[in-house]
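I would like to see how this sequence folds:
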Amino acid sequence: MATAAAIAKVRTYSPAETQRLGQVFGQALAAGDLVNLQGDLGAGKTLFVKGIARSLGYDPEDVQSPTFTLVHEHRGGRLDLFHLDLYRLDDPLGDVEASGLDEYLDPRDGVTAVEWGERAREALAARRFDVAFEVLPDGRRVTFWARGMEPRRLEAVRNAIRSAGFQAE
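Presented below is the predicted three-dimensional model:
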């Protein structure tokens, strides 16, 4: 398994700020990137994906949680965006393999954002970003890690977050 490298830990204080953080992060994404989003229900994962979508050229209003459909595809932007949610799967690893969702978890030509990916961790690409959301009384703490990424990619994400005015904790 690829070693995790810490990228940044930042705070957001509103839904709009969480979405803007996703947009900033999304600007640093490239074809083949997998983003594994972790956190409790209501922690801001889908808001963050709305920001990623905006950075890729999609209307954030078109991004909804795929909890009941498992995957939403957005095509025609800077990169294709595949948004998955594994929350409702009874046997996440088995269901991912049986349903063909495993193709999305190692994207080639687009970007995949997967909510609740830790439920099928063995199916996730070894090269990925992990983004964890923690609910706090006054907002969210968002922590970024990279697994199997080149050092220049880590630095690009750090610089994008810093340049956008987000303060690291």
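
contacts only, for residue 48.
With CB atoms under 8 Å, 6 or more residues apart in numbering as the criterion, the residues that contact residue 48 are 18-19, 21-22, 25, 37, 113, 131, 133, 142. (C-beta placed from N, C-alpha, C; glycine too.)

give me that answer again for 10 Å
With contact set as CB atoms under 10 Å, 6 or more residues apart in numbering, residue 48 has these partners: 12, 18-23, 25-26, 35, 37, 39, 63, 113, 115, 131, 133, 140, 142.

do you know how far it is from residue 3?
Distance of residue 48 to residue 3, computed by CB to CB, to the nearest Å: 24 Å.

ok, now residue 36?
Relative to residue 3, and taking CB to CB, residue 36 is found at 15 Å.

which one's more surrounded, those two?
It is residue 36, of residue 36 and residue 3, that has more neighbours when counted by other CB atoms under 10 Å, with 25 against 8.

the more buried one against residue 127, yeah?
No - counting by CB atoms under 10 Å, residue 36 does not reach residue 127; the two are 11.2 Å apart.

can you pull the residues that touch both of the two?
When contacts are counted by CB under 10 Å, 6+ apart, the set common to residue 36 and residue 127 consists of residue 147.

quick check: which element contains residue 47?
Using DSSP states H and E, residue 47 falls within helix 45-55.
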